[in-house]
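Enquirer: got a structure for you, letters missing:
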């Protein structure tokens, strides 16, 4: 019998103007390349070979559909699309944690456990964190890098942090993540870019990364004999918030020999080596990756059985969603899902259900996989958006129930505040009357608001959608707004191009976005606060800036939560983003041959590392 699990997810932290949320279009997201330029030559041979159609997995093997590859193996890029399952970090999602049900990609302090770390001691009075690493951890054998097969040391951990933080003033590795800013609790840097926690990488252009201050302060000390690594936090970061930032931002651990490799070697599977449960054995660029169980992996289950249980995992990209549905029906793919995109549209999903017995698969439906649904970001520097009556008119003109029905949402709409609850553990909830008034479909009132604002005949609006958007959804929105005299024309742009449009203060076009749910302070500051983009929310808003400063200067979680409440209320009641439906549901399918699955979403690098090690093949 098909198992439907409805989970309300408010913690998937998104960045507006990035890849789209509603994905019930006719094709899966296109693979994107974000690898260093040096990778091109080394991957040429693999790239030339066409990707074979997936065959039925073996007896103790699984094949998962995955949406795109960033085509980089550097441990510096702990991104959800890099698939760095061969590496491990000090801390990781706790598979057995009651706090974390894997319904969100992002971590909070209560849901992490030691991976390479056996334990830690935190002294808030001195800002000192001492991490003890596990005994018996060895790097994967059989690889052509110098540390392959040897025991992991505390010095390896210290080096892995130093290569990204550049504690002598010069980071030793390039990364799409601004680690100097992200881990400013160690560096003391004032962030100037958008360091992003838990490996989420922005595809939008950002400022230059912050520079680590070159001072005489000892930041990291390694004691190989005691198997301890001591982290000395920067002044102003001796608090639980800084500790949470450190615990929930995983850095992949390698040996210093990694940086002795050439760029070509660093993109060759024969050299890629970590301590993880999965060994990368085969790779075809933008097509598939094959991982085999690490025979020397140190972790066991509660009964002493070595992990992982599954022998082989293939991550397979398929560009056409009709083929994805067909391959799932044929049993050649065991899992279909994505972080926030619906890989299959409603017609394809119906085909799967009509073609397969209910006992052959599990369907998991997550309602609200984006923080507040997709919407339109309204540039407050432009007319007519500076008048809140116009913004409200566009909201009242939308039939939320009909849109929810299209999206497959069964239940109340969800409007969230500015923050993802993964940041502060808090999600602002408005009262029921306010929520009802915002979600009321009232065309006449929408027309009244436009007339009061000086637009009795409506106006024209040009919107840029990114190429991953569900265009049918926006055609539906277009029809509702036409009823109040607002004529919308759409153009389609690539994800990167749309990000550039969003960052251009002189471009009058609006764009689809995510309505809140930011996961990281510096990103909010860049996007919405004074000193950020003039096209951002609340630009030059003294009240908002004061609340942002209070949030930034919070020393305790309770102080942070209180500031978050104020920011959430300002953001949500400002209506700077017209929300299309309160929340977007997302469906994933997993074959019933997979055991140990309890409805968790299997998306993201951290999930793959932890979840896959505990899954089994039943038949």
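Expert: Nice, I can see it. Computed from a prediction, not measured in an experiment: that's the story for all the values here.
Enquirer: could you give the mean pLDDT of stretch 309-321?
Expert: For stretch 309-321, mean pLDDT rounds to 93.
Enquirer: Check stretch 593-611 too.
Expert: 73.
Enquirer: Let me see the ranges of the strands in the stretch 151-300 of the chain.
Expert: 220-223, 228-232, 278-284, 288-293 (DSSP state E, counting those that start in this stretch).
Enquirer: Quick one, which of those gets closest to residue 546.
Expert: strand 228-232 (31.9 Å; CB to CB). Just so you know, the C-beta spots here come from the backbone N, C-alpha and C atoms, and that holds for glycine as well.
Enquirer: So what are the sheet partners of that closest one and their directions?
Expert: Strand 228-232 pairs in its sheet with strand 128-133 (antiparallel), strand 220-223 (antiparallel), by DSSP bridges.
Enquirer: Quick check: which of these has the most neighbours on average?
Expert: Stretch with highest mean neighbour count among these: strand 128-133 (a mean of 20; mean count of other CB atoms under 10 Å).
Enquirer: Turn the strands of the stretch 151-300 of the chain into CSV, including mean pLDDT and distance to residue 445.
Expert: As requested, the strands of the stretch 151-300 of the chain are exported to CSV (pLDDT from 0 to 100; distance: least, CB to CB, whole Å):
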stretch, mean pLDDT, distance to residue 445
strand 220-223, 96, 60
strand 228-232, 97, 56
strand 278-284, 94, 56
strand 288-293, 94, 53
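Enquirer: So residue 220 sits against residue 160, correct?
Expert: No. Contact criterion CB atoms under 8 Å: residue 220 and residue 160 do not qualify, at 10.0 Å.
Enquirer: Make CSV out of the strands paired with strand 228-232 and add distance to residue 547.
Expert: Converted to CSV, the strands paired with strand 228-232 look like this (distance: least, CB to CB, whole Å):
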stretch, distance to residue 547
strand 128-133, 30
strand 220-223, 34
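Enquirer: Relative to residue 387, which of those is closest?
Expert: Nearest of the strands paired with strand 228-232 (CB to CB): strand 128-133, 50.2 Å.
Enquirer: Show me what the closest one is in contact with.
Expert: Defining contact as CB atoms under 8 Å, 6 or more residues apart in numbering, one finds that strand 128-133 is touched by 90, 116-123, 152, 154, 157, 226-233, 243, 246.
Enquirer: buried set for the helix of greatest length in the chain?
Expert: Scanning the chain for the longest helix, with DSSP state H as the assignment, gives helix 557-574. Across helix 557-574, burial judged by 16 or more other CB atoms under 10 Å covers 557, 559-568, 570-572, 574.
Enquirer: mind listing what residue 559 touches?
Expert: For residue 559, counting by CB under 8 Å, 6+ apart, the contacting residues are residue 550.
Enquirer: still on that earlier bit, tell me the one of the buried residues of helix 557-574 nearest residue 497?
Expert: residue 571 (26.7 Å).
Enquirer: how about the helices of the stretch 101-250 of the chain, start to end?
Expert: Applying DSSP state H, counting those that start in this stretch to the stretch 101-250 of the chain gives helices spanning 154-165, 179-182, 184-187, 240-247.
Enquirer: can I get the ones you listed in TSV with distance to residue 65?
Expert: Formatted as TSV, those follow (distance: least, CB to CB, whole Å):
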stretch	distance to residue 65
helix 154-165	31
helix 179-182	30
helix 184-187	37
helix 240-247	31
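Enquirer: right, so those: which one is the most enclosed?
Expert: Highest mean neighbour count among the helices of the stretch 101-250 of the chain (mean count of other CB under 10 Å): helix 179-182, a mean of 27.
Enquirer: Which secondary structure elements does that helix sit against?
Expert: helix 154-165 (3 or more CB pairs under 8 Å, 6 or more residues apart in numbering; DSSP states H and E).
Enquirer: Average pLDDT for the helix it packs on, rounded please.
Expert: Helix 154-165 comes out at a mean pLDDT of 95.
Enquirer: what do you get for stretch 245-265?
Expert: pLDDT averaged over stretch 245-265 gives 91.
Enquirer: who touches the nearest residue to residue 356 once chain neighbours are set aside in this structure?
Expert: Counting by CB to CB, 6 or more residues apart in numbering, residue 356 lies nearest to residue 329, which is 5.9 Å off, once chain neighbours are set aside. Counting by CB under 8 Å, 6+ apart, residue 329 makes contact with 351-352, 355-356.
Enquirer: One more pass at 6 Å, please.
Expert: 352, 355-356 (CB atoms under 6 Å, 6 or more residues apart in numbering).
Enquirer: Let's have the residues you listed in JSON lines, adding pLDDT and distance to residue 296.
Expert: Below are the contacts of residue 329 laid out as JSON lines (pLDDT from 0 to 100; distance: CB to CB, whole Å):
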{"residue": "352", "pLDDT": "95", "distance to residue 296": "39"}
{"residue": "355", "pLDDT": "96", "distance to residue 296": "42"}
{"residue": "356", "pLDDT": "96", "distance to residue 296": "38"}
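Enquirer: So which of the residues you listed wins on neighbours?
Expert: residue 352 (20 neighbours; other CB atoms under 10 Å).
Enquirer: quick one: it from residue 615, how far?
Expert: 21 Å (CB to CB, to the nearest Å).
Enquirer: next one: residue 401
Expert: From residue 401 to residue 615 the distance is 38 Å (CB to CB).
Enquirer: again, but for residue 472
Expert: 34 Å.
Enquirer: Those two - which one has more neighbours?
Expert: residue 615 (21 against 14).
Enquirer: That one contacts residue 600, doesn't it?
Expert: No. Look at residue 615 against residue 600 with CB atoms under 6 Å: they stay out of range, at 9.8 Å.
Enquirer: show me what contacts the nearest residue to residue 617 once chain neighbours are set aside?
Expert: Sequence neighbours aside, residue 60 is the residue nearest to residue 617 in space, at 5.0 Å (criterion: CB to CB, 6+ apart). Contact analysis of residue 60 by CB under 6 Å, 6+ apart lists 310-311, 617.
Enquirer: quick one, phi psi at residue 60?
Expert: phi -120, psi 40 (degrees, to the nearest 10).
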